[in-house]
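Peer 1: Test case, fold it:
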Amino acid sequence: MSSQPYHILYILDAHTAVAPSEDDPRIQVDRLAISRLNEGDARAWALTEQAHFILVLTHGSVSCFRGLQRLISGLRVEQTLFVHNNMEDECTALMPQLRLSAADYLTIQRYVKCYDKTNATQLHRFLAARFGGFNWDYAPARYPRWHGLYGYSEEEEPQRLAEVIEARRTGRIIIGLIIPFYLYRSDNLRHVDALLAVLQRQGVESHALFSTGAEDAVTGEQGISYALDRYFRSEGEVLPHCIINLMPYALGIFERSGAIYTQPEDASTGILRQLALPVLQTYATNYSAEEYHSRVDGLDTIGLISSVCYPELDGQVDAYPIATRELNEEGLPYFVPLDDELQWVARLSVRWAQLQRKPQEKKRIAIIFHNMPPRNDSIGCAAGLDSPASVYHLINRLREEGIDLPHHYADGDDIIRQIIRAVTNDHSWLDPREVIRRAVDRIPSKLYEGWFDALSPEVQQRLVASWGEAPGTFHVVEGEMPVPGMINGNVFIGLQPPRGYEEHAEAIYHSTDIVCPHYYIAFYRWIRYVFQADLFIHVGTHGSLEWLPGKEKALSCSCFPQLNTLDMPHLYIYHTAVIGEAIQAKRRSAAVLLHHMEPAMREGGAYGPLAEFDVRLNSYISGAVAESQRPILREALLEEARSLELHQDLGYSREGDVEESFFIELHNWLADLKASMVRDGLHIFGQPPMEERMEASIRMLLRLPHGSVTTLLDGLARYYGYTEESLLMELDAKISPTHTASMMIDELTERGQQLIEAMLADGFIAQPAGELLQTILGDCLGEEKSLRGVLQLAIDEVYPRLCRITEELDHCALGVRGGFVPPSKGGSPSRGQLEILPTGRNMYAIDPSEIPSHTAYQIGVRLGQQLLEKHLNTSGSLPESTAFVLYSGDQMRTHGEDIGEILWLMGLRPQWLSEHSDKVIGLEVIPLSELGRPRLDVVSRISGLLRDTFPTLITLLDEAVQLVLSLDEPIEANWVKKHYEEEVAELRAAGIDPETARQEAKLRVFGCPPGTYGGGVAVLVETKQWQSSDDLGETAITWGCHAYSQELHGRVSRGAFERKLARVEATVKNQNIIGFDLYDIDDEYIYHGGIIAAVKKLRGQAPMSYYGNTSDPRHSVVRTLSEESARVLRSRLLNPLWIEGLKRHGYRGAYDVAYNMDNVFGWDATADSVLDWNYEALASHFIGDPANREWLESVNPWALYEIAQRLLEAAQRGMWQAKPETIEMITEIYLSSEGVLEEGGSG
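Peer 2: Numbering: from 1, shown residues only. So this is what the prediction gives:
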């Protein structure tokens, strides 16, 4: 036995502290922060080599310890390792690598779980005896009281429970608290005591329990389920009206022994669903008070995952932190209350509780439409949602629920008409006196000045800096602020105020920190204090509230979202597929989300002259025409293709002959266009798709496999002896004397539609009958088992889930009653995620430490291969440097396909916790011999939302750069290193010191300013404050030049950003769902178009730009920007199917036409990507067609005016060479529309 002390080393994350043990000279105990090992601290790593026993203890995922695999692989024979956290799946995955028996692991775990001075001392003796060969005595772990009522002994609990029951009986509000055992055990409860004191001052009864999470028969822990049932129930009745939870992670994890539930059925039986009352999740930030108030991120990565991400799985309300974390003289943590935030959490809990007790007829509700930009054509803007019709149905449901709503509306358009007859955010058509006369109410300057005076000095200063002394001049009319909207009984239906960017358009070039106007602050305070709303409901995706300046997460009471939500319960109706932005609303405005279904979508097919051309081309390709007629048909097809401008889609010139391959390309291109999915109208909240939209929705949900069940197309193909894969592999292949594969796909699509229609007519109530298949499909030439499986899935799952979309309204009504809205995974049902249905639930996202997943990385590799092949074919070489635009929602929906692609382009792959786990714990270098090409340099322009939700990815991308730079490789094979060395040399030549030069040259991740969002470009486009694309590129640089890394959080690094962009040869933005495309949302041209403009400004030439598409993850495709633009224009914008679908939605449908025209214009302004024939075709289709023009004029004349104005602006700027007769037609419509609006079209 050695005379040296037995050396025990604790490796801890920032959230974990261990109690000191009794002094024992025979044992040396050291503690080491994981951060030091992650940073490569040589002295720290040397300590790991000296220790006999190493304990790695993390509060959250071990993915925070990037050096774990290095530690494991470097263990000497005489060293032993123990790793533990609250994630049972991680501990199980690591067990085989730890050299510990299950019995020893369990013994150590017991000591660790019951950590105090006594147990720490006995643990150290056990380790020395068991693994060091020391003949020392040790005692087993001593177990404490695992659960109870805080502040009461076990003997006092019955009496206290009786008091709470009596308080409930006599009508007092009961607020429950859940305190995690580790806080109770450490007696680290100053913030809890402060919270209880605040609740007492507010006159409510607090009822606090403490408990461990999971049940453990060995230690006697009965777990949180038992504790909740014992202390929060009495004879079946739930005692609290609302719960404030301080326990990290999802309670459902503990309920299910470490297994995270993601299925709706699981959620419906979860702990909180059984309690059926709202739960507010709060926590202590890991930062000190000084750090918290000075930092904009608000919360570190571990805290984000454990205190925000995981609790969302339970359906909790994301409240804000109530304490900061300080260290005492011994280095042990203690919590200090955040007084303002703590009081806010208490007030919010009481307000939620009051919703359960207040009679329905007395409740006052504010329903808020979005209105961006603040024009009369865009009231109720909401991605994929008919918001006016949705509010119409919501109003009717609220009336049924007992809410006072005396006035009845005819439909959604009637609601909009009445709002416009009052006052909107657009005063351009009204005299100021008329604005005041019409307004439903007016906020006097004196009233607002009182509200302003109550704000903190910091907030006042920022408001004055942006908008002048209160109340400013923005939307102040004759000394008053008109309230936009109308009141119906106890319901206010209003418009969210303008963000105010339009008023500061010129400042956008250089300023990124403009706060919301005084008017914005006044509007929400009017709702709270004058209208006295009990709760408010935001309708649709998305508004500006959740994007206001402030901390990125873990907000304080000085953050602008919180300044406007105040203490009002908040329901937010959100598109299920727009999960990233939805999570932002959840986390930055304390919203309970109600996700809504995607609109019905169907194949765009062929239409008009394209359909006629397609028939003739099919005859030519399939060989159905006589050989003698082929030359004549060939010449006619070539001429017709050129007259339809199809040659431009494929990059061919108008003149000269073409190879035979042109017709093959054209055939495949038309197949792509026909298969592109197009929205058939908009979704209406709470309304399942009707008639043909139900048929389209069912087929939409059957386009991808579900487990072992194949797709509808594949089932049909197999019925006839083919497979989907074989047909898609070679679309122009002749599979019969009369059919190509593409033609067969068209036929199968039509048969599928007929089949689902027939099943709907039968009520979808039985197994698909053989006679039905025979009648519609004819004889089976292959096998029908696969098809029957698909149809059975439609009967058992798809159709019933679609019918349950009525639950959207049910759960909204439940929220109004102060009930618990159950949780659900967010994402796109049309991307094979059937489990998301039925919608109408409080959606959550994914674990940030599981990106990229195994599958996402493989798809990313395929995308990367297709990108390089495309660029090589287009440019003749590989791009040394590429710029990626990265969104948060894309990573949530795909589990990180973009990140996987970037890593592969750099020649890296993730290291996962195990082959069965997606937890990323590091990176691995792909050898050049395996890679077969140089490592590409990649610059990432991240959105502000990705910064907030995935700090893990910023770390991962930064680690990737550091790893590739560390490789001993020639620069010809390592373009990251090549550009790094070039930039260092350039900076050194300019007199920059070596360290600064190296740090600047390493930067590869750039984004929005800390605490803010956006790219600035759209405001300039909307307000016409630009002259050339260089102006827009300049703004894109200003807003995107903030560097992010493991050390930096948004430092302005304009020079570094410009140097990186100046090398960019290709830009990339990937898409992954069928519901949105590049003309659907302005973010696409703001971010991607902005980067293109910036690169063009810096290089003097535009980069090649690409769109990857994984809406079918099995069959990814990469297109150039010009190809993608042509695809969307032909398959959707010019397709009668799209605009006819919108016509069912009146005013709201017309806005979508104007909005898409705005986005087309924005793309052309930034990337010069719209051709003359595109403008001509859009002008002819949207407003030249009499039926379309008359529809626009009748339902939304402001939209017609905006479309005409935008087309004229494009022509005046020289963005297209319009035909004289086209300009004449547009001008006439513009002047006519303007006259109509001036003469009373506004009301």
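Peer 1: Name every strand pairing with the lengthiest strand in the chain and say which way it goes.
Peer 2: Looking across the chain with DSSP state E, the single longest strand is strand 917-925. Here strand 917-925 is paired, per DSSP bridges, with strand 908-914 (antiparallel).
Peer 1: Which residues does the strand it pairs with contact?
Peer 2: If you take C-beta atoms under 8 Å, 6 or more residues apart in numbering as the criterion, strand 908-914 is touched by 62-63, 69, 90, 93-94, 852, 854, 857, 900, 903, 918-926, 960, 963-964. Every C-beta, even on glycine, is put in place using the N, C-alpha and C of the backbone.
Peer 1: Which parts of that strand count as buried, going by neighbours?
Peer 2: Applying a neighbour-count criterion of 16 or more other C-beta atoms under 10 Å, one finds 908-910, 912-913 buried in strand 908-914.
Peer 1: Let's have those in CSV, adding pLDDT and distance to residue 776.
Peer 2: Output for the buried residues of strand 908-914, formatted as CSV (pLDDT from 0 to 100; distance: C-beta to C-beta, whole Å):
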residue, pLDDT, distance to residue 776
908, 99, 51
909, 98, 47
910, 97, 47
912, 94, 46
913, 89, 49
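Peer 1: Make a markdown table from those and add distance to residue 1021 to it.
Peer 2: Converted to a markdown table, the buried residues of strand 908-914 look like this (distance: C-beta to C-beta, whole Å):
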| residue | distance to residue 1021 |
| --- | --- |
| 908 | 37 |
| 909 | 40 |
| 910 | 38 |
| 912 | 43 |
| 913 | 45 |
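Peer 1: ok so, going back, for the helix or strand following the longest strand of the chain, give the mean pLDDT please.
Peer 2: Counting by DSSP states H and E, the next helix or strand C-terminal to strand 917-925 is helix 928-931. Helix 928-931 carries an average pLDDT of 98.
Peer 1: Can we start the residue count at 23 from this point?
Peer 2: Done: numbering now begins at 23, and the last item shifts to helix 950-953.
Peer 1: Now do the same contact list for the spatially closest residue to residue 1026 that is not a sequence neighbour.
Peer 2: Leaving aside its sequence neighbours, residue 1026 sits nearest to residue 983 (C-beta to C-beta, 6 or more residues apart in numbering; 4.9 Å). Residue 983 makes contact with 928, 998, 1024, 1026, according to C-beta under 8 Å, 6+ apart.
Peer 1: Tell me the one of those nearest residue 263?
Peer 2: residue 1026 (50.3 Å; C-beta to C-beta).
Peer 1: Quick check: the closest one touching residue 961?
Peer 2: Yes: Residue 1026 lies in contact with residue 961 (C-beta atoms under 8 Å); the separation is 5.5 Å.
Peer 1: Name the residues contacting each of those two.
Peer 2: residue 1082.
Peer 1: Neighbour count for these two, which is higher?
Peer 2: residue 1026 (27 against 24; other C-beta atoms under 10 Å).
Peer 1: where's the more buried one relative to residue 225, distance?
Peer 2: In this view, residue 1026 and residue 225 are 55 Å apart by C-beta to C-beta, to the nearest Å.
Peer 1: how close does the closest residue to residue 466 other than its chain neighbours get to residue 393?
Peer 2: In this structure, residue 466 finds its nearest non-sequential neighbour in residue 502, 5.6 Å apart by C-beta to C-beta, 6+ apart. Per C-beta to C-beta, residue 502 is found 20 Å from residue 393.
Peer 1: out of the two, which sits in the more crowded spot?
Peer 2: Using other C-beta under 10 Å as the criterion, residue 502 and residue 393 rank with residue 393 on top: 25 against 20.
Peer 1: what about the residue nearest to the more buried one when sequence neighbours are not counted, neighbour count?
Peer 2: Residue nearest to residue 393 in three dimensions, not counting chain neighbours: residue 517, with 4.5 Å by C-beta to C-beta, 6+ apart. Using other C-beta under 10 Å, residue 517 has 24 neighbouring residues.
Peer 1: can you list the domains in this structure?
Peer 2: Structural domains assigned to the chain are 28-154, 170-377, 380-618, 698-864, 871-1156, 1157-1265, following automatic domain parsing.
Peer 1: Tell me if residue 616 really is in a strand.
Peer 2: Yes: under DSSP: H, G, I helix; E, B strand; the rest coil, residue 616 sits within a strand.
Peer 1: so the nearest residue to it once chain neighbours are set aside is in which element?
Peer 2: Spatial nearest neighbour of residue 616, excluding adjacent residues (C-beta to C-beta, 6+ apart): residue 595 at 5.0 Å. Element membership for residue 595 (DSSP H and E) is strand 592-597.
Peer 1: Partner strands of that strand and their direction?
Peer 2: Sheet pairing for strand 592-597, assigned by DSSP bridges, gives strand 557-561 (parallel), strand 613-618 (parallel).
Peer 1: give me phi/psi at residue 394?
Peer 2: With angles defined as degrees, to the nearest 10, residue 394 sits at phi -130, psi 120.
Peer 1: Surely it is in contact with residue 521?
Peer 2: Yes: assessed by C-beta under 8 Å, residue 394 is found in contact with residue 521 at 7.2 Å.
Peer 1: and which of the buried residues of strand 930-936 is nearest to residue 295?
Peer 2: Residue 295 has its nearest neighbour among the buried residues of strand 930-936 in residue 935, at 30.0 Å by C-beta to C-beta.
Peer 1: leaving aside the residues next to it on the chain, what's closest to the closest one?
Peer 2: Nearest in space to residue 935, with sequence neighbours left out and distances taken as C-beta to C-beta, 6+ apart, is residue 941 at 4.0 Å.
Peer 1: neighbouring contacts of the helix or strand where residue 439 lies?
Peer 2: Using DSSP H and E, residue 439 sits in helix 434-443. By C-beta under 8 Å, 6+ apart, the residues outside helix 434-443 that reach it are 391, 398, 401-402, 408-414, 417, 431, 460, 506-508, 515, 517, 1168-1170, 1217, 1264-1265.
Peer 1: Downstream of that helix, the next helix or strand is which one?
Peer 2: Moving toward the C-terminus from helix 434-443, the next helix or strand (DSSP H and E) is helix 454-460.
Peer 1: what's the next helix or strand after that next one packed up against?
Peer 2: Using DSSP H and E, the helix or strand that follows helix 454-460 in sequence is strand 464-466. In this structure, strand 464-466 makes packing contacts with strand 502-504, judged by 3 or more C-beta pairs under 8 Å, 6 or more residues apart in numbering; DSSP states H and E.
Peer 1: Could you list every helix and strand in contact with the strand it packs on?
Peer 2: Of the remaining helices and strands, those touching strand 502-504 by 3+ C-beta pairs under 8 Å, 6+ apart are helix 454-460, strand 464-466, helix 467-475, helix 540-547.
Peer 1: switch to 6 Å and redo it
Peer 2: strand 464-466 (3 or more C-beta pairs under 6 Å, 6 or more residues apart in numbering; DSSP states H and E).
Peer 1: partners of the strand it packs on, with directions?
Peer 2: Here, using DSSP bridges, strand 464-466 pairs with strand 502-504 (antiparallel).
Peer 1: Any idea how far the partner strand is from the middle of the chain?
Peer 2: In this view, strand 502-504 has its centroid 35 Å away from the chain centroid, taken as C-alpha atoms, centre = their mean, to the nearest Å.
Peer 1: Show residues contacting the following helix or strand past that strand.
Peer 2: Sequence-wise, the next helix or strand downstream of strand 502-504 (DSSP H and E) is strand 507-510. Contact partners of strand 507-510, identified using C-beta atoms under 6 Å, 6 or more residues apart in numbering, comprise 427, 429, 440-441, 444, 462, 515-517.
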